[in-house]
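Undergrad: Pasting the sequence and the predicted model now:
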Amino acid sequence: MEITRVLSALFIGVLVGVLGRLVLPGRQKIGVLLTIVVGIVAAVLGTFVAEALGVADTAGIDWIQLALQVAVAALAIAAFTGLRRANRPDDEDAERVWGGRSVGRHRAGRPRCPAG
């Protein structure tokens, strides 16, 4: 594999991942590395979908293919964000874990250990 293909895949993955995050409303709490990985995977999957629809090879810039890649990235980022929210305990769960005591919250929103 040539180094230019790897670098172009990374660049397109970053571009698709960032565009996928921009399309979604609100704040997504995923890191830069996960955005790049999701962008690369979305670029590959979007290309397969574009090839299946017959719109992958067009003259000039492949706007339909790029739109499909960004859509796949937005769906994947929304899924990751939803999974992280579903696995995050709320106040009731934190109180149950800490024996019914009030735990409070840090500025970042994570439960704080009770003094004890």
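TA: That came through fine. Numbers count the residues shown, from 1 in each chain.
Undergrad: Which helix or strand contains the closest residue in space to Val16 that isn't next to it in sequence?
TA: Spatial nearest neighbour of Val16, chain neighbours left out: Gly39 (4.2 Å); criterion: CB to CB, 6 or more residues apart in numbering. No exception for glycine: its C-beta is placed from N, CA and C like everyone else's. Here Gly39 sits within helix 32-53, counting by DSSP states H and E.
Undergrad: Flag every buried residue along that helix.
TA: 35-47, 49-50 (16 or more other CB atoms under 10 Å).
Undergrad: and of these, the nearest to Ala76?
TA: Val38 (4.8 Å; CB to CB).
Undergrad: Surely that closest one is in contact with Ala78?
TA: No - if you go by CB atoms under 8 Å, Val38 and Ala78 don't touch, sitting 10.3 Å apart.
Undergrad: measure the closest residue in space to Leu34 that isn't next to it in sequence to Leu19 for me?
TA: Of all residues not flanking Leu34 in the chain, Phe80 sits nearest, at 6.8 Å (CB to CB, 6+ apart). To Leu19, Phe80 is 16 Å away according to CB to CB, to the nearest Å.
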